[in-house]
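Engineer: sequence first, then the predicted structure, then my questions.
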Amino acid sequence: MDASLEKIADPTLAEMGKNLKEAMKMLEDSQRRTEEENGKKLISGDIPGPLQGSGQDMVSILQLVQNLMHGDEDEEPQSPRIQNIGEQGHMALLGHSLGAYISTLDKEKLRKLTTRILSDTTLWLCRIFRYENGCAYFHEEEREGLAKICRLAIHSRYEDFVVDGFNVLYNKKPVIYLSAAARPGLGQYLCNQDVAFLEKMIKDDIERGRLPLLLVANAGTAAVGHTDKIGRLKELCEQYGIWLHVEGVNLATLALGYVSSSVLAATKCDSMTMTPGPWLGLPAVPAVTLYKHDDPALTLVAGLTSNKPADKLRALPLWLSLQYLGLDGIVERIKHACQLSQRLQESLKKVNYIKILVEDELGSPVVVFRFFQELPDSDPVFKAVPVPTMTPSAVGRERHSCDALNRWVRMAVACLSFQVLAHHRPTCW
């Protein structure tokens, strides 16, 4: 109690004075805190909570990432879905961190290092996949390479395109031909895989004043598994001055000792897009488009080459991973995938109500099959699968068929002697 309050003889008044002083102190402290908080709000504005203050520690940030990857604690626990990427995957991920560090070097060191990384990776890929004297463009989105190749083809066939732009296309409209087996979303101008019919279409387009520009062929699409007659298509493209671009998972088999003649013909194409990440089990590595062209000015205008070190550093994760795996490791992974696909195909042939749709692709890592709804009563494996009542609508029939397929795969996969990593819902046949 203050000395001033001690002089008051009446204890009641003294107690009231004490309480009043404490109350005023509380109000003043509250006012001061409010002013401090308002001052902080004026500084931070509408900044979200995690960014306010002096920042979060690394443990808290990593914990947040883990919660986002595996779900919140309040949610029902789920089994982890993150794939074990192995040491070769760690090498690819290291490339991204190392690339950020390398970008801080001085310009001259950065230029030398990025040029070495780009030239090494290009040479290795061209040698491994039998594409001699090729150049390489590394890109994150798989279709980006084809878009740049299309620009290169336009610049090559239309000499005034750089000056007049798209105006030069009005007199002779460019035509791009896609295989009927092309993946969805690649384009809308489809041609039948009948090569004679394709040649007739090309002649018709020329007579109408159009310019046949680009033909996209397939070597084992994931949805269909078919390999086009690339050798015959190359002859057709040379005859009419058309750029031939090839893509597909069967291009991976170019690294093997034996390659089917249909896939080997892809080494003579003008360009090809490859996806070494899925082929070799490498996370976060870029897709690669290999191409052949003699004019560096046109490749620069088309965006296939760049003087920016950041663009060249895209190849760094692949540069590290290829060295880690070595040629033997690369070949072994591709060969193993082909052997697993062959084993799956042989097992599916033994099932009466599974039809293999593509059987002529020897050594292909793609297996495409069709499941029939009718199930035999004599097979004990299929007896446990209930057959839903068919609805009259086509949508209902497709839904029931896919449901039955999923139930059958789950129950019958134990009969196979290897692990099925994934299966996709079939498209319409």
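Structural biologist: Received it, and whenever you're ready, just let me know what you need.

Engineer: so which elements touch the lengthiest strand in the chain?
Structural biologist: Among the elements of the chain assigned as strand by DSSP state E, the one spanning the most residues is strand 211-218. Under the contact criterion of 3 or more C-beta pairs under 8 Å, 6 or more residues apart in numbering; DSSP states H and E, strand 211-218 touches helix 144-157, strand 174-179, helix 195-207, helix 230-240, strand 243-247. (Each C-beta comes from the backbone N, C-alpha and C, glycine too.)

Engineer: and residue 310, that one's in a helix?
Structural biologist: Yes - counting by DSSP: H, G, I helix; E, B strand; the rest coil, one finds residue 310 located in a helix.

Engineer: burial count for it?
Structural biologist: 12 (other C-beta atoms under 10 Å).

Engineer: from residue 154, how far out is it?
Structural biologist: Using C-beta to C-beta, to the nearest Å, residue 310 is found at 26 Å from residue 154.

Engineer: what's the answer for residue 221, then?
Structural biologist: Distance of residue 221 to residue 154, computed by C-beta to C-beta: 25 Å.

Engineer: could you give the angle of the longest strand of the chain to helix 195-207?
Structural biologist: Strand 211-218 runs at 160 degrees relative to helix 195-207, counting by axes from the mean of the first three to the mean of the last three C-alpha atoms, to 10 degrees.

Engineer: which parts of strand 211-218 are buried?
Structural biologist: Counting neighbours by 16 or more other C-beta atoms under 10 Å, one finds that the buried residues in strand 211-218 are 211-218.

Engineer: between the residues you listed, which sits nearest residue 299?
Structural biologist: Residue 299 has its nearest neighbour among the buried residues of strand 211-218 in residue 214, at 15.6 Å by C-beta to C-beta.

Engineer: so the closest one touches residue 150, yeah?
Structural biologist: Yes - using C-beta atoms under 8 Å, residue 214 is in contact with residue 150, at 5.8 Å.

Engineer: mutual contacts of these two, please.
Structural biologist: Shared contacts of residue 214 and residue 150, defined by C-beta atoms under 8 Å, 6 or more residues apart in numbering, are found at residue 176.

Engineer: wait, is residue 273 part of a strand?
Structural biologist: Yes - Residue 273: assigned to a strand according to three-state DSSP.

Engineer: give me the phi and psi angles of residue 251.
Structural biologist: According to degrees, to the nearest 10, the main-chain angles of residue 251 amount to phi -60, psi -20.

Engineer: distance of it from residue 57?
Structural biologist: Taken as C-beta to C-beta, the span from residue 251 to residue 57 is 47 Å.

Engineer: with residue 287 instead?
Structural biologist: 37 Å.

Engineer: ok, residue 285 next?
Structural biologist: For residue 285 relative to residue 57 (C-beta to C-beta), the value is 31 Å.

Engineer: of residue 251 and residue 57, who's got more company?
Structural biologist: When residue 251 and residue 57 are compared for neighbours, residue 251 comes out ahead with 27 against 9, by other C-beta under 10 Å.

Engineer: wait, the more buried one touches residue 130, no?
Structural biologist: No - with contact defined as C-beta under 8 Å, residue 251 does not count as touching residue 130 (9.9 Å).

Engineer: and the strands in the stretch 301-429 of the chain, which stretches?
Structural biologist: 354-356, 369-371 (DSSP state E, counting those that start in this stretch).

Engineer: direction included, what does the first one pair against?
Structural biologist: Spelled out, that is strand 354-356. Note on strand 354-356: by DSSP bridges, its sheet partners are strand 369-371 (antiparallel).

Engineer: report the buried residues of the partner strand.
Structural biologist: 369, 371.

Engineer: could you number the chain from 46 rather than 1 from now on?
Structural biologist: Yep, numbering from 46; the last one is strand 414-416 now.

Engineer: so this protein: which segments form each domain?
Structural biologist: Using automatic domain parsing, the domain parsing of the chain gives 48-92, 133-374, 386-460.

Engineer: and residue 156, how far is that from residue 144?
Structural biologist: 15 Å.

Engineer: more neighbours, those two?
Structural biologist: residue 144 (20 against 14).

Engineer: surely that one and residue 364 touch.
Structural biologist: No - checked against C-beta under 8 Å, the pair residue 144 and residue 364 is beyond contact range at 10.0 Å.

Engineer: for residue 357, give me its contacts.
Structural biologist: Contact analysis of residue 357 by C-beta under 8 Å, 6+ apart lists 159-160, 162-163, 351.

Engineer: show me which helix or strand of the protein is least confident by mean pLDDT.
Structural biologist: Lowest mean confidence among the helices and strands of the chain (mean pLDDT, DSSP states H and E): strand 235-236, at a mean of 34.
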